[in-house]
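Q: okay, predicted coordinates and the sequence, questions at the end:
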Amino acid sequence: MARFYLTTAIDYVNSRPHLGTAYEKVAADVIARYRRLRGADTRFLMGNDEHSQNVYRRGRELGLDPLAYCDQMEEEFKAVWGRLEVSFDDFIRTTEPRHKAGVTRMLRQIADQGDLYEGVYEGWYCDSCEGFKQEKDLLGGECPVHRIKPKWLREKNFFFRLSRYRDALLAHFDAHPEFLRPEIRRNEILRLLEGGLEDISVSRSGQAWGIPMPGHPQSVVYVWFDALINYASAVGFGSDEALYDQWWPADLHIVGKDITRFHSVFWPAMLMSARLPLPRQVFGHGWVHHRGERMSKSLGTTIDPLEVAGRFGVEPLRLYLVKEIPFGQDGDFSYERFEQRYNVDLANNLGNLVSRVVAMAAKYCGGCLAAGVTEQTHLPAVANLAVRKYTEAMDRCELHNAVAAAYTLVDATNEFITAREPWVLARDPSKSVQLNQVLCEAAEAVRIVAVLLLPVMPVSAEVILTRIGDHTAAGERRFDKATAWSTGIERTLVVGPVLWPRAESGRQPTQNEKQEKFNS
Ligand code: MSP
């Protein structure tokens, strides 16, 4: 069986998740659910990055031992991810023993190659990025991501011979054009590599919060060097050989564009030095903006994802993030736009389509559709094309294009119903076979749409499948079979409440209104 090992960035826990960090986890979750649906043995890893100085400071500000603070934040993060239906299989914390074992092992393997040496770092450091900065990285003397002036450091550190791996990295990029996606990030990193690489510090002195440098207890491992190793330590590197052999290398690292450099330069160089296989792909997604600014705690532009989900539901939010922000580019979030898209995509379009088909089957055929005859319309071809485009887009991580492909089938089915006028056929008893056929085809198209939307809206898509008469158990559903067109079966459709009642200028309909609307 094919296997798929997928990871997200691990989050700093000095603040709760915001819509920007949640975006990454939702997008990765869509990929994980898609891979499972395709039948791959999937492992989806997330986690928390705890050894940052900001995390340590935040714990202290709250009067907490840093580890106790991180324990609390683990609960908070997991509660948010659970509410957003993020289906991770494993969650790593960098304070766990399995991670420490992996970091220690990696340092030893890198040291064995002669790639670690002692030196003095003198230069800028941005606390928010936890990054060493060169003059050319700054904009007007400030970190361009966090808009703060970095501090000047002079420290005795251990260095990693990153410069030694520049040619090997260039060769890897050349031999594996798919290694870094999308193209815009690949080009940025290629330019960086062509400009040459300097060795980097991999330890910090005078700090107690972190993994001690083996043999040098007065220094800790630099937080980025520590954090990157989570992808390997989570699958047993340094602690469980069998697990490691089963899962490493990772198939896909999903990370934000601000940290693509760490993942596509430092991380593969570390692995090359340690003589370990490289991940197959890194995907650097864009940022969620709010009012024209990157959503970020340091810029004060964050939105709580649970507050957004509270407006129209978790799944409309997931759909918005995946459909409206081209994966790989930046995109904006505003409540106005969210409400507008909710009304168009869900209330008017998909929701209305499901209600119409189910209501007509109930009204004209008592909820039971007989097996249809061999398809005579264009709808099966539209469905097959949508499935093909969806699969191609998903396989390239073009999540927005995949959802758009599913929506071509929604639109075509709505048009099909309008053109075939089942309500006219229903008036003429001699047209009952045609009526059954039209409703069968519409129901089959809706069923395929629901299968395609399962990774994005797992709960609502299952509800649609049940209403449309597909009762396959969730775990049994396999993509190829589930997306193959078939009207040759009898089905029983089930009426239910309106899935997505129309929202009027920010006001949420009450449960009673939902029911009334449905009954009318
Ligand atoms: N701890 C590091 C990652 C280490 S991975 C070995 C880190 N943490 S973070 O909490 O600052 O960010 C976590 C992820 O969220 C990163 O991939 C980052 O790019 C992403 N995002 C942070 N703000 C974001 C937006 N406004 N929009 C989209 N993604 C955002 O970096």
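A: Perfect, thanks for sending it.

Q: what does the protein put close to the ligand?
A: 9-12, 20-21, 23-24, 49, 227-228, 230, 255-256, 258-259, 287-288, 294-296 (CB under 6 Å from any ligand atom). Where you see a C-beta, it was placed from the backbone N, CA and C, and this is true even at glycine.

Q: whichever of these end up buried, select them in ChimeraX.
A: Buried members of those, defined by 16 or more other CB atoms under 10 Å, are picked up in ChimeraX with:
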select :9,10,11,12,20,21,23,24,49,227,228,230,255,256,258,259,287,288,294,295,296
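
Q: narrow the residues of the chain next to the ligand to those in helices?
A: Residues of the residues of the chain next to the ligand located in helices (DSSP state H): 20-21, 23-24, 227-228, 230.

Q: so what sits opposite the residue of the stretch 251-400 of the chain found nearest the ligand in the bridge?
A: Residue nearest to the ligand within the stretch 251-400 of the chain (CB to the nearest ligand atom): Gly256, separated by 1.7 Å. Using DSSP bridges, the bridge partners assigned to Gly256 are His285.

Q: pretty sure it sits against Val288.
A: No - counting by CB atoms under 8 Å, Gly256 does not reach Val288; the two are 9.6 Å apart.

Q: what stretches of the stretch 401-520 of the chain score poorly on pLDDT?
A: When residues are selected by pLDDT under 70, those of the stretch 401-520 of the chain lie in 505-520.

Q: repeat the analysis, applying 90 as the threshold.
A: Where the stretch 401-520 of the chain drops to pLDDT under 90, the residues are 473-476, 487-488, 504-520.

Q: count of residues packed around the closest residue to the ligand within it?
A: Scanning the stretch 401-520 of the chain for the residue nearest the ligand gives Val456, at 17.5 Å (criterion: CB to the nearest ligand atom). Per other CB atoms under 10 Å, the neighbour tally for Val456 reads 25.

Q: correct me if wrong: it contacts Pro316.
A: No - applying CB under 8 Å, one finds Val456 not in contact with Pro316, separated by 10.3 Å.

Q: average model confidence for stretch 89-105?
A: For stretch 89-105, the mean pLDDT works out to 98.

Q: hmm, who's touching it?
A: With contacts defined as CB atoms under 8 Å, 6 or more residues apart in numbering, stretch 89-105 is touched by 10, 32, 42-51, 67, 70, 74, 78, 211, 214, 221, 225-227, 229-230, 232-234, 236-240.

Q: what's the answer for stretch 202-222, then?
A: If you take CB under 8 Å, 6+ apart as the criterion, stretch 202-222 is touched by 51, 53, 55-56, 66, 94, 100, 103-104, 107-108, 116, 155-160, 200-201, 223, 225-226.

Q: buried ones in it?
A: 202-205, 207, 209-211, 213, 219-222.

Q: from those, which land in strands?
A: When those are checked against strands (DSSP state E), the matches are 203-205, 213, 219-221.

Q: so what does the helix or strand where Leu435 lies touch, helix or strand wise?
A: Using DSSP states H and E, Leu435 maps to helix 432-453. Helices and strands touching helix 432-453, by 3 or more CB pairs under 8 Å, 6 or more residues apart in numbering; DSSP states H and E, are helix 352-365, strand 368-369, helix 379-395, helix 399-420, helix 422-425, helix 458-467, helix 479-482.

Q: tabulate the ones you listed (CSV), appending distance to Gln246 and mean neighbour count.
A: Shown next, in CSV, are these (distance: least, CB to CB, whole Å; neighbours: other CB atoms under 10 Å):
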stretch, distance to Gln246, mean neighbour count
helix 352-365, 41, 20
strand 368-369, 45, 20
helix 379-395, 23, 19
helix 399-420, 27, 19
helix 422-425, 52, 17
helix 458-467, 26, 19
helix 479-482, 23, 16
